[in-house]
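> fold the following and give me the result.
(one chain, ligands or ions: 1)
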Amino acid sequence: MSKYIVVTGGGTGGHLKVADAFIEELYQKGFNIIFIGSTNGQDKLWFENDNRIDKKVFLDTKGVVNKKGIGKFLSLFNILKKTFYCLGIYYKYNISKVISVGGFSAASATFASIFKPFCKLFIHEQNSKMGKLNEITSKFASTVYSSFHDFSPIKDYPVSHEFFHKARIRDEVKTIAFFGGSQGAIAINDFALKLTPLLINRGIKVIHQTGKNDYKRVKEFYEKNDLNVDVFDFTRDIISKMNEADFVISRAGASTLWEMCANNLPAYFVPYKYAAANHQYFNAKDLESKKMAYICNEDDLNEKEFLKVLNDIDIKEISKRLKYSIKPNAVENIVKDIIQK
Ligand SMILES: CC(=O)N[C@H]1[C@@H](OP(=O)(O)OP(=O)(O)OC[C@H]2O[C@@H](n3ccc(=O)[nH]c3=O)[C@H](O)[C@@H]2O)O[C@H](CO)[C@@H](O)[C@@H]1O
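Sure thing, here's the model as predicted:
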C-alpha cells in the first residue's frame, strides 16, 4: 500500500480546522501527506508553510454554487481541467485513499478520486445539512463521517484534545465572549457594541473576536467609550479565550460549536442566516432541542431579551450536559476506520 494519502478541502476555517486534525493524525501515524486546496480562500494561509505535509497543491479553483450562466460553466470547466491534473498526481504517487473535508477547494481532488480505479474516497461532512459537493460525491464515497447524521459510523467531531483537557464546568457567568467564526460576524459585532456596556456595568468581563474586516470599527468604539474589552480580530489561541469565558454569543459554525461542547462552554447561538440550506441554524438546533444551547435569529437580537436569559440561565446544568455531548478521539477513530477499509 502507498504510504501517500491525500487530504483535500478548505476555503474557511471550519473546513481547514478539520483538515488540520486529519493531517496531524496521519502525520503521527507516519503517512506521507499530499494536501490539495485552492489559491482562493484561506488554504494557503493555513498550510503553505506546514512541514507535516510532503506535497502542497493549491489549485486556482472557485466555488460554483453561487454562480450563474457562463460564470458557472467556466468554473465547472476549470474544475474538470484541474481534476485531470489531480489524476496525474494520484497516478504518480499511487494514491489509493483520499480524504475530503468539503468546500469548493475539494472539488477537483474529490472528482479525481472517483475517476481513478481502486481509489477510495472518504468524506468528512461537518454540518447538519450536507454541502453541495458532498451531496453529489457522497454517492461514490466509501464512507461519509458526520456528527449530525445517523448513517455515520463515528459521530464524534474532530476537536483538538486541548478543548477537552481544559474543559471546566461553569457555575457562574463572570466572563462573556462574542465569537464571529473564522471571518467574524458584523451582526454579532453590532450586538456586542450595544450589549457590552450593560455587561460591564454588571461587572462581567467581555472578550470579543471581531474578524479582520470589522476590527478597527469595534476597537475604536470600545476605546472611545472607555470600555475595557479583550478585543482581537482572530487568534491562533482560541482555546485560552474559550476557557476564560463562561457563556458565549457565537455563530454556529460546526467546528466552533463542537469545540465549545468539548470545553463544556454554554452558548447563545446566532446562526449565519445565509449559510447553505441554513445549516448553521440546524447545527445549533440539534443542541437546543436537547436543552444544551440557546438560539436567536440575528434579526431578533435584543439586549433586554439577552439579559433576561442571563438572569434565568442555569449555567451549571447546561455546562454539565455539554460534558456528555461529545467524546474525544474522533479523528483517531476515523483515521483507524479509514486505514482498515
Ligand atoms: C459563513 C459560513 O458559511 N461559515 C461556515 C464555515 O464557518 P467557519 O469557518 O467560521 O467555521 P467554524 O466556526 O466551524 O470554525 C472556525 C474555526 O476557527 C477557529 N477560530 C476562530 C476564531 C479565532 O479567532 N481563532 C480560531 O482559531 C475556531 O476555533 C474554529 O475551529 O465552516 C463551518 C464548517 O463547515 C460551517 O459550519 C460554517 O457555517
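> which segments of this structure make up each domain?
4-158+328-340, 162-323 (automatic domain parsing).
> off-centre distance for the longest one?
In other words, domain 4-158+328-340. Put simply, domain 4-158+328-340 sits 14 Å off its chain's centre (CA atoms, centre = their mean, to the nearest Å).
> on that earlier part again, adding mean neighbour count, write the domains of the chain out as TSV.
The C-beta positions use only the backbone N, C-alpha and C, and glycine is treated the same way. Formatted as TSV, the domains of the chain follow (neighbours: other CB atoms under 10 Å):
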stretch	mean neighbour count
domain 4-158+328-340	19
domain 162-323	18
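> can you redo those as JSON lines with mean pLDDT?
Output for the domains of the chain, formatted as JSON lines (pLDDT from 0 to 100):
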{"stretch": "domain 4-158+328-340", "mean pLDDT": "95"}
{"stretch": "domain 162-323", "mean pLDDT": "97"}
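> dump those to CSV, plus distance to the ligand.
Putting those into CSV (distance: least, CB to the nearest ligand atom, whole Å) gives the following:
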stretch, distance to the ligand
domain 4-158+328-340, 2
domain 162-323, 2
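> once you drop chain neighbours, what's closest to residue 215?
Closest residue to residue 215 apart from its sequence neighbours, by CB to CB, 6 or more residues apart in numbering: residue 233 at 4.0 Å.
> so where do the helices sit in the chain?
13-28, 43-47, 69-92, 107-115, 132-137, 161-165, 186-201, 215-224, 238-244, 254-262, 279-288, 303-312, 315-323, 330-340 (DSSP state H).
> and the angle for the first one with helix 330-340?
Here helix 13-28 runs at 60 degrees with respect to helix 330-340, directions being taken by axes from the mean of the first three to the mean of the last three CA atoms, to 10 degrees.
> which elements pack onto helix 13-28?
Judged by 3 or more CB pairs under 8 Å, 6 or more residues apart in numbering; DSSP states H and E, helix 13-28 is in contact with strand 4-8, strand 32-38, helix 43-47, helix 254-262, helix 330-340.
> please save the CA atoms from the last one in CSV.
What follows is helix 330-340, C-alpha atoms only, in CSV (Å, rounded to 0.1, in the frame of the first residue of the first chain):
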residue,chain,number,x,y,z
ALA,A,330,-12.9,11.3,17.0
VAL,A,331,-10.1,11.9,14.5
GLU,A,332,-8.1,8.9,15.8
ASN,A,333,-11.1,6.7,15.4
ILE,A,334,-12.0,8.0,11.9
VAL,A,335,-8.4,7.5,10.7
LYS,A,336,-8.3,4.0,12.2
ASP,A,337,-11.5,3.2,10.3
ILE,A,338,-10.1,4.7,7.1
ILE,A,339,-6.9,2.7,7.4
GLN,A,340,-8.8,-0.6,7.8
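> residues contacting it, please?
For helix 330-340, contacts defined as CB atoms under 8 Å, 6 or more residues apart in numbering pick out 21-22, 24-26, 29, 97, 99, 122, 124, 143, 145, 147, 153-154, 156-159.
> next: the second one.
Contacts made with strand 32-38 from outside it, assessed by CB under 8 Å, 6+ apart, are listed as 3-11, 19, 23, 26-27, 43-44, 47, 50, 52-62, 86, 89, 93, 95, 104-106, 108-109.
> with stretch 299-313 instead?
With CB under 8 Å, 6+ apart as the test, stretch 299-313 has contacts from 173, 187, 191, 194-195, 198, 247, 249, 266, 268, 270, 273, 294, 296.
> could you redo the last one with a cut-off of 7 Å?
Stretch 299-313 is contacted from outside by 173, 187, 191, 194, 195, 198, 268, 270, 294, using CB atoms under 7 Å, 6 or more residues apart in numbering.
> who are the contact partners of residue 204?
The contact partners of residue 204, by CB under 7 Å, 6+ apart, come to 173, 174, 175, 176.
> taking those, tell me the two that lie furthest apart.
174 and 176 (8.6 Å; CB to CB).
> could you check how far residue 180 is from residue 324?
According to CB to CB, to the nearest Å, residue 180 stands 28 Å off from residue 324.
> again, but for residue 160
19 Å.
> so for these two, which sits in the more crowded spot?
Neighbours per residue (other CB atoms under 10 Å) separate residue 160 from residue 324, with residue 160 holding more: 18 against 11.
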